[in-house]
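Novice: Build me a model:
(2 chains)
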Amino acid sequence: MKCDDYRLLMMDALFDEISDADKKTLDDHLECCSACREKYHSLQTTTHTLGKWEDVEPRVNLTFVSQPASRVSDFFNKLKTWKIPARLGIALASILLLLSLFNTKIQFADGQFAFETSLFRRGPQTPPAQLATQTDLDNMRQENYQMVATILDEYAKRNKIETAVMFNKFYDELDKQRQNDLRLVSNAVEQVQYGTTQRLQRTDQTLGTLIEYVNMQNQGR
Amino acid sequence: MNMMNDEYLIQEFNAGNVSAFNTLVWRWEKPIYNFILRYIGDSEQAKDVMQHCFIRVFKSLGKLKDHSRFSAWIFQIAMNLCRDEFKKKKYQIYSISEVRDFDDSNKSDQKIVLADNEQDAAKLTYHENLSELLQKALMAIPEEQRVVIIMKQYHGMKFTEIAEVLKTPINTIKSRMYYGLDALCVVLQKWGVDREDLGYEM
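Specialist: Okay, the predicted model is just below:
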């Protein structure tokens, strides 16, 4: 055996897990091999040193309490205790419920909801074909006439109203234009009157001055 | 009182008695805490990991079939949580390839690889207490060796038990123990802590 091979035995001997036979083999080797003897001694010292390191208290108060399980987890826990047929039954019921939910048609008409449920999807429903009778045709034609007449009436009414509105607008425009013209004419007349009055006054003044001058001339002579 | 062993408490807990679990916690919290503390080297983190460990035990104790394996099982949980913590924090100094075992092919290369934190030695004073010193020394050796030393030295587990927990051949466990102890010896000497100093400090 080489020195390396005694290392496992050293570990066994160090922790008292060695058989008597192995202990003797190791002791024999240590007696004649100083390197291994020294190594074994240093390992013993190291374990001795490590042994001085004492445990410490964790100073953590770990306490576990039982809590009432929630309803959901309670349900699943109960499920776990059920036998296979019961579980299969639940699974089948769930599948049927899901199928019916997926194939539920919800309609809203006349302020009311209507639900239609089926396990499997139905094809698009076509209303049954009905035979049209002569009276139905007459009724339909009559309805058509009435509808067309109503439309024409409405159209005529709308036209009348639009024409009236158009004429009204035209008259309004014309009236505005006439009033504007009248205002312009009256302004012009006023201006002419004012100018005439001023000119007359100036002429009067000039004539008065002239008369006075003539009089003074006559008196001077 | 003999009835209050782990197996009995587990049976009680499985029957719905939560206080039996608390007794189990009370019994195991100190060894598990010290195991985690020595493994990861941080007391606050060790408390967190310990709590996670007991929560995991609480959740999966019902699945444990062989109740006599409880101690190995709880150490396995604690170790896995510590390793998760290492992965998260990327603490690891050594790669697995650096761990040498007896069953390795290259037996000739037996020198011990040390972490490059010798500069820490200057900071180490003799006033630091022994536990801090040994904690630093433990953190300086590969994780695979550290866990074996902790399990063997501080929890008195047999080599067969350690092999079972780590799912590793027993001779590999012994070789890790050997190299771990050897590395610790070298680390302590490198830090200038010789046997006399340690003896005096103690």
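Novice: Please make it C-alpha for all contacts and neighbour counts, starting now.
Specialist: Will do.
Novice: Spell out which parts of chain B neighbour chain A.
Specialist: Contact residues, chain B versus chain A (CA under 8 Å from any CA of the partner chain): B:18-19, B:21-22, B:25, B:29-31, B:33-34, B:47, B:51, B:130-131, B:134, B:153-154, B:158, B:171, B:174-175, B:177-178, B:181-182, B:184-185, B:195, B:198, B:202.
Novice: let's see it at 6 Å
Specialist: B:131, B:174, B:185 (CA under 6 Å from any CA of the partner chain).
Novice: before we move on, which element is residue 163 in?
Specialist: The chain I'm using is chain A. Per DSSP states H and E, residue A:163 falls inside helix A:134-220.
Novice: actually it's chain B I care about, not the one you picked
Specialist: Counting by DSSP H and E, residue B:163 is part of helix B:159-166.
Novice: what separates that helix from the chain centre, distance-wise?
Specialist: Helix B:159-166 has its average C-alpha position 12 Å from the chain's average C-alpha position, going by CA atoms, centre = their mean, to the nearest Å.
Novice: From the structure, what's the count of residues near residue A:107?
Specialist: Residues lying near residue A:107 (other CA atoms under 10 Å in any protein chain shown) number 10.
Novice: what about stretch A:32-41, near chain B?
Specialist: No: against chain B, stretch A:32-41 shows no contacts by CA under 6 Å from any CA, the least distance being 8.4 Å.
Novice: Which positions within that stretch qualify as buried?
Specialist: A:36, A:37, A:40 (16 or more other CA atoms under 10 Å in any protein chain shown).
Novice: Report the separation between the second one and chain B.
Specialist: This means residue A:37. Residue A:37 is 14 Å from chain B, where distance means CA to the nearest CA, to the nearest Å.
Novice: Hmm, residue A:30 and that residue touching each other?
Specialist: Yes: in this structure, residue A:37 is within contact of residue A:30 by CA atoms under 6 Å, at 4.9 Å.
Novice: Which of the residues of chain B next to chain A are buried, as a PyMOL select command?
Specialist: Command for PyMOL that selects the buried part of the residues of chain B next to chain A, burial taken from 16+ other CA under 10 Å:
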select buried, chain B and resi 174+185
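Novice: Figure out how far stretch B:154-163 is from the centre of its chain.
Specialist: Using CA atoms, centre = their mean, the offset of stretch B:154-163 from its chain centre is 11 Å.
Novice: phi, psi of the residue nearest to residue B:53 when sequence neighbours are not counted?
Specialist: Spatial nearest neighbour of residue B:53, chain neighbours left out: residue B:78 (5.7 Å); criterion: CA to CA, 6 or more residues apart in numbering or on different chains. Main-chain torsions, residue B:78, degrees, to the nearest 10: phi -60, psi -40.
Novice: where's residue B:78 relative to residue A:90, distance?
Specialist: 40 Å (CA to CA, to the nearest Å).
Novice: Neighbour count for these two, which is higher?
Specialist: Neighbours per residue (other CA under 10 Å) separate residue B:78 from residue A:90, with residue B:78 holding more: 24 against 13.
Novice: What pLDDT does the model give the closest residue to chain A within chain B?
Specialist: Residue of chain B nearest chain A, by CA to the nearest CA: residue B:131 (5.5 Å). Note on residue B:131: pLDDT of 84.
Novice: got it, and the one 10 residues further on?
Specialist: Taken from the predicted model, the pLDDT recorded for residue B:141 is 91.
Novice: does residue B:7 count as helix, strand or coil?
Specialist: helix (DSSP: H, G, I helix; E, B strand; the rest coil).
Novice: Domains of chain A: list them as residue ranges, please.
Specialist: Using automatic domain parsing, the domains assigned to chain A come out as A:3-50, A:83-122.
Novice: hey, least reliable of these by pLDDT?
Specialist: Among the domains of chain A, domain A:83-122 carries the lowest mean pLDDT (a mean of 79).
Novice: For residue A:108, which three-state class applies?
Specialist: Quick answer, by three-state DSSP: residue A:108 is strand.
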